[in-house]
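Enquirer: The amino acid sequence is not available; the structure is as follows:
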C-alpha cells in the first residue's frame, strides 16, 4: 500500500511540474533530496552502529539478566504466564532497553528475538498470536523513550542548538502513549478472553 502512495505522490509531482513549467525545479529538488538522504544515512549510521554494538556487548556481558531482574516485578505482572527464568523475558528486556534509548532500528532484531522466544512458550496454533505476543507488540510500538537518541541526532544535524531540549515532552508523551496502549490491550484481553 505504501508503495502505491509513494508512486502516486511522485506521479502527481511530475504532472504538476509539467503543467506549471517547473521541471527544472523538480529535477533540482530530486537531486538535492537524494543527496540529503545519503548524507543523513551516513550521519546516523555511526550513531546506530555505536548503540547497536553497545547493546550487543551489554547482552554478552550479562546485562540482560540484570535488567530482567530489575524489570521482573513489572514484567511478571504484564506477562504472568512466563516463567521467572524465561529467555523471553531477557529478550523483552533488551528490546525495551533499546526502545528506552530511542534506538528503534536496534530494537527491531531484539524484538524479533523476543517474539520467537514468546512463540516457543506459546500453546496457540502456528500463525496465531497469544495475549503475551500481542502485549509485547503493544509495548514495543508504544515504548517509553528516556533518551530519544535518533531524534536528537536528527535535530542536531539540522541545526538545533540543544537537540535534547525535547526530553520533557518526549517523556510525557511516550509515557502517556505507553499507559494508554497497555491499558487498552489489557482491557481487550480481559473482554475477549473471558
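Expert: Received the coordinates, thanks. Keep in mind that what you see is a predicted model, and the values were worked out from it rather than measured.
Enquirer: residues making contact with the worst-scoring helix or strand of the chain on mean pLDDT?
Expert: The weakest-scoring helix or strand in the chain, judged by mean pLDDT, DSSP states H and E, is helix 63-78 (a mean of 77). When contacts are defined by C-beta atoms under 8 Å, 6 or more residues apart in numbering, helix 63-78 is touched by residues 58, 82, 84, 89-94, 96-97, 135, 139, 182. The way it works is simple: take the backbone N, C-alpha and C, and place the C-beta from them, glycine included.
Enquirer: ok, and the most crowded of these?
Expert: Within the contacts of helix 63-78, residue 92 tops the neighbour count with 31 neighbours, counted by other C-beta atoms under 10 Å.
Enquirer: Okay, and that residue sits in which element?
Expert: helix 87-100 (DSSP states H and E).
Enquirer: Ok, residue 24 next?
Expert: Using DSSP H and E, residue 24 sits within helix 23-60.
Enquirer: Now do that helix: distance to the chain's middle.
Expert: What separates the centre of helix 23-60 from the centre of its chain is 17 Å, taken as C-alpha atoms, centre = their mean, to the nearest Å.
Enquirer: coming back round to it: could you tell me the angle between the least confident helix or strand of the chain and helix 23-60?
Expert: Interaxial angle of helix 63-78 relative to helix 23-60 (axes from the mean of the first three to the mean of the last three C-alpha atoms, to 10 degrees): 100 degrees.
Enquirer: the inter-axis angle of helix 63-78 versus helix 87-100?
Expert: Using the same axes, to 10 degrees: helix 63-78 against helix 87-100 is 100 degrees.
Enquirer: List the backbone torsions phi and psi for the residue lying farthest from the centre of the chain.
Expert: Relative to the centre of the chain, the most outlying C-alpha is that of residue 21, 41.4 Å out, by C-alpha atoms, centre = their mean. According to degrees, to the nearest 10, the main-chain angles of residue 21 amount to phi 70, psi 30.
Enquirer: Tell me how many other residues surround residue 115.
Expert: Neighbours of residue 115 (other C-beta under 10 Å): 21.
Enquirer: Now do the same for it: helix, strand or coil?
Expert: Of the three states, residue 115 takes helix under DSSP: H, G, I helix; E, B strand; the rest coil.
Enquirer: pretty sure it is touching residue 133, no?
Expert: Yes: using C-beta atoms under 8 Å, residue 115 is in contact with residue 133, at 6.4 Å.
Enquirer: got any ranges where this structure has weak pLDDT?
Expert: Along the chain, segments meeting pLDDT under 70 span 47, 51, 55, 64-65, 68, 104-106, 193-194.
Enquirer: quick revisit: distance of the residue farthest from the centre of the chain from residue 46?
Expert: With distances taken as C-beta to C-beta, to the nearest Å, residue 21 is found 42 Å from residue 46.
Enquirer: Residue 87 - nearest residue in space that isn't next to it in sequence?
Expert: Leaving out its chain neighbours, the residue that sits closest to residue 87 by C-beta to C-beta, 6 or more residues apart in numbering is residue 117, at 4.9 Å.
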